[in-house]
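Peer 1: task: produce atomic coordinates for the following.
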Amino acid sequence: MAISPNQQNLALTKVPTFNRPEAGAQTDNARPTPRQRWADIAKPVPPLPLDTPFIQGAIAGIDLQKKQASLANTMRQHGDLHKQYGLYGNNILVVLTSQNKRECDLLFNAARARKPNGATLIRIDHPGWSGVGNQAYEGAGAIGAHNKVLTALGNLLVMPQHVKFLKDNKIGSSVVGAVEDFIVRARGAGVDPATKELVTNCPVDWGFVVFCRVRLAADPAFRWSTAVTQGAPVPMNHCITAGRAGYEDEKKTFCKVTIGKVIGETGPENEKSWDEADWQAGLIGKSWYAMLGDALNKVRIPWP
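Peer 2: Residues are numbered from 1 along each chain as shown. Coordinates of the predicted model:
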């Protein structure tokens, strides 16, 4: 979302101070303004490594092997469906699980730009269920993205109208894409020392991206590819406000309200075009969609 300099200043003046003055620094007349201090940290944060402990721990807890086996068994119940890959291997269904059309467009554009030679792509936008509330924190981001893929696949392989769609369109395999943003707090669940250094001044919101390939064959041969976007610092007071709405889990990682909604409600009253889905553009000067696009340019698409 493009905003004017005046609008951006209005947004930034509402952000609280995070950094304490260094030892020996002047703290009276020369004290920096809150907006200047926010400006020091209001910039994109590098992507988290995929081997970050709380990310790996969350993925391990999903038990992908068990869920994949269940989906494969479901596929085998449709005697003719699992033979499609051998007959129509070039027809690929690209399933996009976000409820945000701009995210779906970015996911599809990334797939289309690198599709195999001669492949026919058929797109459907089919929202998946994250199972992590409305706002993920820490490892819930990886859980939510994987859940979206698995629930979307389950619907496609179970619902009669979807099975008919797969057959009628001669789909031989499917690539499912999902994204879930997640906020990391210094005292969040499972945060390791290296990550804690990145969120010392304030929490940071990253995005977790997943692509999964599955063949409509006796052996579905699941293949996964993941990535993490750049992060956006989040004012601590907004996280506190969001937390007051409550969580859906004991670890307090499945929040009931999105940070975008909180920021949108506390933004300038005269800013009517504030986009709750892209608050990053207003607070750090780089759009969420730009950060997602950067990650998608680098992620490997697991083609058949």
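Peer 1: where are the low-confidence patches of this protein?
Peer 2: 1-36, 267-273 (pLDDT under 70).
Peer 1: just give me the longest helix of it.
Peer 2: Counting by DSSP state H, the longest helix found in the chain is helix 140-158.
Peer 1: check which residues of it are buried.
Peer 2: Using 16 or more other C-beta atoms under 10 Å as the test for burial, helix 140-158 gives 140-157. Placement of C-beta: from N, CA and C, glycine included.
Peer 1: what's the answer for stretch 122-130, then?
Peer 2: So stretch 122-130, judged by 16+ other C-beta under 10 Å, has buried residues 123-128, 130.
Peer 1: who does the helix or strand hosting Asn297 touch, helix- and strand-wise?
Peer 2: Assigned by DSSP states H and E, Asn297 belongs to helix 288-298. Helix 288-298 sits against helix 101-113, strand 204-215, strand 223-228, helix 279-284, with contacts defined as 3 or more C-beta pairs under 8 Å, 6 or more residues apart in numbering; DSSP states H and E.
Peer 1: other SSEs contacting the first one?
Peer 2: The helices and strands touching helix 101-113, judged by 3+ C-beta pairs under 8 Å, 6+ apart, are strand 91-96, strand 120-125, strand 173-184, helix 288-298.
Peer 1: looking at those, spot the one closest to Ala39.
Peer 2: Of all the helices and strands packed on helix 101-113, it is helix 288-298 that lies closest to Ala39, at 18.7 Å by C-beta to C-beta.
Peer 1: the closest one: how far from the chain's middle?
Peer 2: Distance of helix 288-298 from its chain centroid, counting by C-alpha atoms, centre = their mean, to the nearest Å, is 11 Å.
Peer 1: now do the buried residues in that helix.
Peer 2: If you call a residue buried by 16+ other C-beta under 10 Å, then helix 288-298 has these buried ones: 288-289, 291-292, 295-296.
Peer 1: likewise stretch 111-124?
Peer 2: Neighbour-count burial for stretch 111-124 [16+ other C-beta under 10 Å]: 111, 119, 123-124.
Peer 1: could those be laid out in CSV, adding distance to Thr74?
Peer 2: Output for those, formatted as CSV (distance: C-beta to C-beta, whole Å):
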residue, distance to Thr74
Ala111, 24
Ala119, 25
Arg123, 23
Ile124, 18
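Peer 1: quick one: which of the residues you listed is nearest Gly188?
Peer 2: Ala111 (31.9 Å).
Peer 1: which ones are touching the closest one?
Peer 2: 94, 121, 175, 177, 211, 301 (C-beta atoms under 8 Å, 6 or more residues apart in numbering).
Peer 1: which one of these is nearest to Gly57?
Peer 2: Distances from Gly57 to the contacts of Ala111, taken by C-beta to C-beta, are shortest for Phe211, at 21.3 Å.
Peer 1: who's in contact with the residue found closest to that closest one once you drop the neighbours it is linked to in the chain?
Peer 2: Closest residue to Phe211 apart from its sequence neighbours, by C-beta to C-beta, 6 or more residues apart in numbering: Ser225 at 4.6 Å. Taking C-beta under 8 Å, 6+ apart, we find Ser225 in contact with 210-212, 299-302.
Peer 1: over to Leu157?
Peer 2: The contact partners of Leu157, by C-beta under 8 Å, 6+ apart, come to 71, 74-75, 78, 81, 163.
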